[in-house]
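Chemist: compute the structure for the input listed below.
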Amino acid sequence: MTRRHEVRSVMKTTVATVHPETPFKAVAALLAAWGVSGAPVVDNEGRVVGVVSQGDLLERRTWPARRRRGRRRLYRKAAGIFAADLMTAPAVTVEQDADVSRAAKLLEEHRIHRLPVVDSGGGLVGLVTRGDLLRVFLRPDAEIRTEIREDVIERVLCIDPRTLFVSVHNGVVTLGGQLERASLMAMTLEFARRVDGVVEVRNQLTAKLDDTRLDEGAAARGNVGVLGAMLKK
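Modeler: Next up, the predicted model:
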């Protein structure tokens, strides 16, 4: 299987944190001192129980106007004086052995800028931001090409890499050459797309045998099953 970047490989391990009983002003001072816009809130066992951000602190300043509009549900946060009252909970977290694509999906789905990284017991081990995840796309083209040739084509698909053309320029991969069967084309392209740092895959592949026309029903069932099983590994 192709090598995947785990969250632990891009996360920051030195993280500014606060305790649920940390006072409002101490939270504000910590965020300012560290130059960050938010911090995980951890309990006495080191487990993440929430996240407090500059936006949470600013609820206090905007509360009077919001109350006039009937936003009473924000009263607890706006009137809070400790991190436990101010924080957003439960926190959205990601495990350290998760794929970086999982972290990116969580950031996008929840429209947030940072994710506390936890171990299997929920303990804080780091923090990952959008900027950290972008580092994956800074991989050298030569490194990406080597991974596609050695891991994808040779090890996963058991194809002689010398029979295919692989070029990478600015993260854009071009695959060319002739495969034995057309049914291998979708697999080859999909696995290449899954390599960290790949921006786009351009297909110039051909096939000696178009086995997709021999028995479309059987081919679809077999290829989808194999591809699905391999992608889950």
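
Chemist: got the contact list for Thr188?
Modeler: With contact set as Cβ atoms under 8 Å, 6 or more residues apart in numbering, Thr188 has these partners: 152-153, 157, 159, 164, 175, 179, 205. The way it works is simple: take the backbone N, C-alpha and C, and place the C-beta from them, glycine included.

Chemist: among these, which one has the most neighbours?
Modeler: In terms of neighbours by other Cβ atoms under 10 Å, the contacts of Thr188 top out with Val152 at 27 neighbours.

Chemist: for the residue nearest to Glu200 when sequence neighbours are not counted, give the beta-bridge partners.
Modeler: Excluding the flanking residues, the one nearest Glu200 by Cβ to Cβ, 6 or more residues apart in numbering is Val172, at 4.8 Å. Bridge pairing for Val172 (DSSP bridges) gives the partners His169, Glu200.

Chemist: quick check: the gap between Val172 and Leu179.
Modeler: 21 Å (Cβ to Cβ, to the nearest Å).

Chemist: from the chain's centre, how far out does stretch 50-58 sit?
Modeler: The chain centroid and the centroid of stretch 50-58 are separated by 23 Å, computed with Cα atoms, centre = their mean, to the nearest Å.

Chemist: for stretch 145-165, that is, sorry about that
Modeler: Between the centre of stretch 145-165 and the centre of its chain there are 25 Å (Cα atoms, centre = their mean).

Chemist: who's in contact with Ile112?
Modeler: Ile112 neighbours (Cβ under 8 Å, 6+ apart): 92, 106.

Chemist: report the secondary structure state of it.
Modeler: Under DSSP: H, G, I helix; E, B strand; the rest coil, Ile112 falls in the coil class.

Chemist: all strands of the protein, in order?
Modeler: 38-42, 48-53, 94-95, 114-118, 124-129, 164-169, 172-181, 200-209 (DSSP state E).

Chemist: so for Glu6, which of those sits nearest?
Modeler: Relative to Glu6, the nearest member of those by Cβ to Cβ is strand 94-95, separated by 9.1 Å.

Chemist: so what touches that closest one?
Modeler: Everything outside strand 94-95 that qualifies as a contact, by Cβ under 8 Å, 6+ apart, is 7, 102-103, 106, 115-120, 128.

Chemist: can you rerun that using 6 Å?
Modeler: The contact list for strand 94-95 (Cβ atoms under 6 Å, 6 or more residues apart in numbering) reads 7, 103, 106, 115, 117-118.

Chemist: many thanks, we can stop here.
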